[in-house]
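> dropping the sequence and predicted coords here.
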Amino acid sequence: MGNSGLAKWIRPALAALPSKRKLVIAFALLLVFLLVATPLFNRWMYPLDYEEQIMYSSDATGADPFLIMAVIRVESKFDPNKKSRVGAQGLMQLMPHTVEWVIDRGHFSPAFRDNVHDPAINIHMGSWYLAGLIREFHGNEVAAVAAYNAGPGNVKKWIQSGQWDGTRENLKQIPYGETRHYIQRVFFFHEKYKSLYTHLNKKQ
């Protein structure tokens with residue numbers, strides 16, 4: 001009796017369903033919508049500005065363009081006018097002493113000092129500095145990103161003393177919570193930007 005009662009409800013429900021052809025068409029339309037909407041949604045979630053300046057500086061300095069994007073996203077969210085309470089400036093949040101060091105070692109024009117908020121100049125100096133850190137840490141981008149946040153002296157001390165092995169797998173060994181979180185965020189955005197904007201990189 002229970003089964004016959006259930007059948008009374010199921011038969012009208014099945015009869016009300018559209019034909020198989022309509023279901024296939026509806027599924028195909030849904031699939032097309034998802035294929036179009038998902039990339040658009042992702043690009044809305046992970047927007048990109050100043051791509052021309054980033055790609056130019058990447059080519060000139062050798063820094064990974066997607067790592068530059070990720071650092072900018074974490075440091076300033078692409079706001080060229082951002083200035084931190086400790087004096088870091090611009091898209092890549094360059095400290096005054098870092099600006100001086102980059103101008104001196106990179107043989108850049110002293111005029112860069114007064115134009116650090118200019119997106120092209122800030123990105124170029126920040127990319128040059130980031131590329132230099134990667135070379136300094138023998139290609140270890142994780143250690144270089146840590147040094148961008150905590151300073152190369154601290155990172156060298158952690159690695160040389162055996163406190164940290166320089167890997168993402170052992171970030172918990174880093175004594176600065178801010179730096180651990182910084183590395184996680186930068187590489188999260190690095191993966192997002194690389195998957196969304198790979199077409200910008202002509203080298204790939």
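Cool, got the structure.
> tell me the secondary structure at Thr179.
For Thr179, the assignment made with DSSP: H, G, I helix; E, B strand; the rest coil gives helix.
> please apply the same query to the one 3 residues further on.
Classification of Tyr182 into helix, strand or coil gives helix, according to three-state DSSP.
> kindly state the pLDDT recorded for it?
Per-residue pLDDT puts Tyr182 at 98.
> next, count neighbours for it.
Using other CB atoms under 10 Å, Tyr182 is surrounded by 21 other residues. No exception for glycine: its C-beta is placed from N, CA and C like everyone else's.
> with the one 4 residues further on instead?
Counted with other CB under 10 Å, the neighbours of Val186 add up to 23.
> in stretch 116-128, which residues are buried?
Using 16 or more other CB atoms under 10 Å as the test for burial, stretch 116-128 gives 116, 118-128.
> tabulate the residues you listed in a markdown table, adding columns for distance to Lys83 and pLDDT.
Output for those, formatted as a markdown table (distance: CB to CB, whole Å; pLDDT from 0 to 100):
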| residue | distance to Lys83 | pLDDT |
| --- | --- | --- |
| Val116 | 10 | 95 |
| Asp118 | 14 | 97 |
| Pro119 | 14 | 98 |
| Ala120 | 18 | 98 |
| Ile121 | 15 | 97 |
| Asn122 | 12 | 98 |
| Ile123 | 16 | 98 |
| His124 | 19 | 98 |
| Met125 | 15 | 98 |
| Gly126 | 15 | 98 |
| Ser127 | 20 | 98 |
| Trp128 | 21 | 98 |
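> quickly find the element holding the residue nearest to Lys157 when sequence neighbours are not counted.
Spatial nearest neighbour of Lys157, excluding adjacent residues (CB to CB, 6 or more residues apart in numbering): Gln163 at 7.6 Å. Of the helices and strands defined by DSSP states H and E, none includes Gln163.
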